[in-house]
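Asker: Sharing a model prediction with you, sequence too.
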Amino acid sequence: MRTALLVSALLLAAPAIAQAPAVIDMTGEKAPAAAGAPYRAKSLPDRVVLNPGADPAREMAVTWRTETGVAGTQAELAEMAPSPTFGQKAVQVSGTSVAATSENGPSRHHSVRFIGLKPDTAYAYRVQGTAGWSEWHQFRTASAEAKPFRFLYVGDTQNSILNIGSLAWRRALLQAGNPALMLHAGDLVASRDDLAHDDEWGEWFAAGGWALASVPQVVAAGNHEYVDLILPNGAESRRLAPHWPVSFTLPKNGAAGAEATSYFLDWQGVRFVVLDGTSALDLGTLKAQTDWLDRTLAGSKARWNVVLMHQPIFTCARPKDTPKLKEAWAALFERRKVDLVLQGHDHCYSRLTAEQGREAGAKARTGGAVQGPVYMVSVAGSKMYGLNDRSASQPDKVAEDSSLFQIVDVEADRLKLRAHLNTGVLYDGFDLVKGADGRNRLVELDSALPQARRCSGPAQLPDQPMPAGRLGPDGLPCTAEVKD
């Protein structure tokens, strides 16, 4: 074993996935594995994903999968250098693992935390499988100080993940150039019966490929990261799907009762706060998450505060907003000066800057009013919902039947968000300019942007098939289903 130390400190492994006495059952309910079992665990590591620690200037974590025959959990880490022999200075870091079985057979899931890292430093790591090591993956830790950076935000992938969702992801990664982070607003997968659950996760990892192992991933859990649970009294409830905790190694600083799905991290002047709306709404953690959210935002020393969650406060597809979350969190976001609220769930695009509507918001800003939280909803995958009646007047801009991604540039006193169609075309955007008083002013883009993308033709009625002749914004059949 190589025992060289990095200049910064000895790297230790902190347990991230608790050892389980039995094999974790990750099978779904009905769907069999795909023919040929393309997502079966193999002799080399796969599903390698990098997550930031709570202090990502000094901590990162990696999770991966192997066949069951691998002995132990080992990663190697070294500071990057141009020399091809940089790995001679690598240290081995041990971690923890759990055995699992799914529609694709047995597997073992591994987790390692890299701690004691140096800020703003390039590292490379590789992980071990039964046939040897993976390729080297590289990443850069965050700076310990506020410093400009770029991150990506994408909405639900959920269905046709590899076939359609990958288009938005890969265009985003190419167009962003060198993003520091990638944020996912939940419903990464469907966890339903059209595909085997393990195949859905296999598609999710295949869609991102090596980028998931090199660009730190910040993930929020959606309702489809949960599966149905029948209680002993016959009542229906939910439980977090078993793939979630073995696929990600996340900061352990979340709310009581939602420790696996809520957390925060600070990256170069931004505090990112991740919430779990499903747990809040269905599993009784709303108060715990609200109290934790208040403390987490109150303790933020960051210049910018960004919330990532799944269920939107203000909906663009459903007839009504999410009342319990709105009542608990909207005023808190305002009071604690949250800048962006990034959401998914509605399978449409929406940018909302004033609950009273776009005209009222624009008029207020013209009169010098400061901008409160900007609420975003976006979708990257193939499943689309129709826009609701309020979409014509409340949000600043909307889109239906459209796959998008968002690039966000963070500067000391300006945050720039640009929403792109999955073709790369700029669709929407704005700047938030932070004044000396710590308040934001919103600046619309001067450049000409596409008109709102909407379906046309006979309206679909709730619980009815899509009417013939209804066209999407590209002249193709509209797929945006009405939500009731």
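Answerer: Yep, it's here.
Asker: Now the residue nearest the centre of the chain: closest residue in space that isn't a chain neighbour?
Answerer: Relative to the mean C-alpha position of the chain, the nearest C-alpha, by CA atoms, centre = their mean, is the one of His184, at 1.6 Å. The spatially closest residue to His184, leaving aside those adjacent along the chain, is Val219, at 4.8 Å (CB to CB, 6 or more residues apart in numbering). Where you see a C-beta, it was placed from the backbone N, CA and C, and this is true even at glycine.
Asker: Can you list the neighbours in contact with stretch 432-443?
Answerer: Contacts made with stretch 432-443 from outside it, assessed by CB atoms under 8 Å, 6 or more residues apart in numbering, are listed as 303-304, 337, 339-340, 353, 365, 370-372, 374, 413-417, 430-431.
Asker: how much space is there between Pro373 and Leu265?
Answerer: Going from Pro373 to Leu265 by CB to CB, to the nearest Å gives 19 Å.
Asker: Show me this protein divided up by domain.
Answerer: Per the record's domain assignment (automatic domain parsing), the chain is made up of the domains 24-140, 149-185+261-444.
Asker: And these: which comes nearest Ala207?
Answerer: Comparing the domains of the chain by their distance to Ala207 (CB to CB), the top pick is domain 149-185+261-444, with 3.8 Å.
Asker: now do the same end-to-end measure for the closest one.
Answerer: With CA to CA, to the nearest Å as the measure, the first residue of domain 149-185+261-444 is 21 Å from its last.
Asker: Might you report the residue contacts of Leu283?
Answerer: Residues counted as contacts of Leu283 (CB under 8 Å, 6+ apart) are Ser237, Arg238, Gly257, Ala258.
Asker: I'd like to know which of the residues you listed are buried.
Answerer: Restricting these to buried positions leaves Arg238, Gly257, Ala258, with burial counted as 16 or more other CB atoms under 10 Å.
Asker: In TSV: those, plus distance to Ser447.
Answerer: Putting the buried ones among the contacts of Leu283 into TSV (distance: CB to CB, whole Å) gives the following:
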residue	distance to Ser447
Arg238	44
Gly257	46
Ala258	41
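Asker: any idea which of those is closest to Ala317?
Answerer: The closest of the buried ones among the contacts of Leu283 to Ala317 turns out to be Arg238 (CB to CB; 21.4 Å).
Asker: Specify the local secondary structure of the closest one.
Answerer: Assigned state for Arg238: strand (three-state reduction, DSSP: H, G, I helix; E, B strand; the rest coil).
Asker: Distance-wise, check it relative to His184.
Answerer: For Arg238, the distance to His184 (CB to CB) stands at 19 Å.
Asker: before we move on, the earlier item: just the contacts of stretch 432-443: which are in helices?
Answerer: Restricting the contacts of stretch 432-443 to those inside helices, with DSSP state H as the criterion, leaves Arg365.
Asker: are any of the contacts of stretch 432-443 buried, and which?
Answerer: Neighbour-count burial (16+ other CB under 10 Å) applied to the contacts of stretch 432-443 gives 303-304, 337, 339-340, 353, 365, 371-372, 374, 415-417, 430-431.
Asker: re earlier: closest to Ala180 among the buried ones among the contacts of Leu283?
Answerer: Scanning the buried ones among the contacts of Leu283 for proximity to Ala180, where the rule is CB to CB, the winner is Ala258, at 25.7 Å.
Asker: quick one: secondary structure of that closest one?
Answerer: When the structure is reduced to helix, strand and coil (three-state DSSP), Ala258 reads as coil.
Asker: Look at it and report its pLDDT.
Answerer: Ala258 is assigned a predicted lDDT (pLDDT) of 98.
Asker: what does the one 5 residues further on give?
Answerer: Note for Tyr263: predicted pLDDT of 98.
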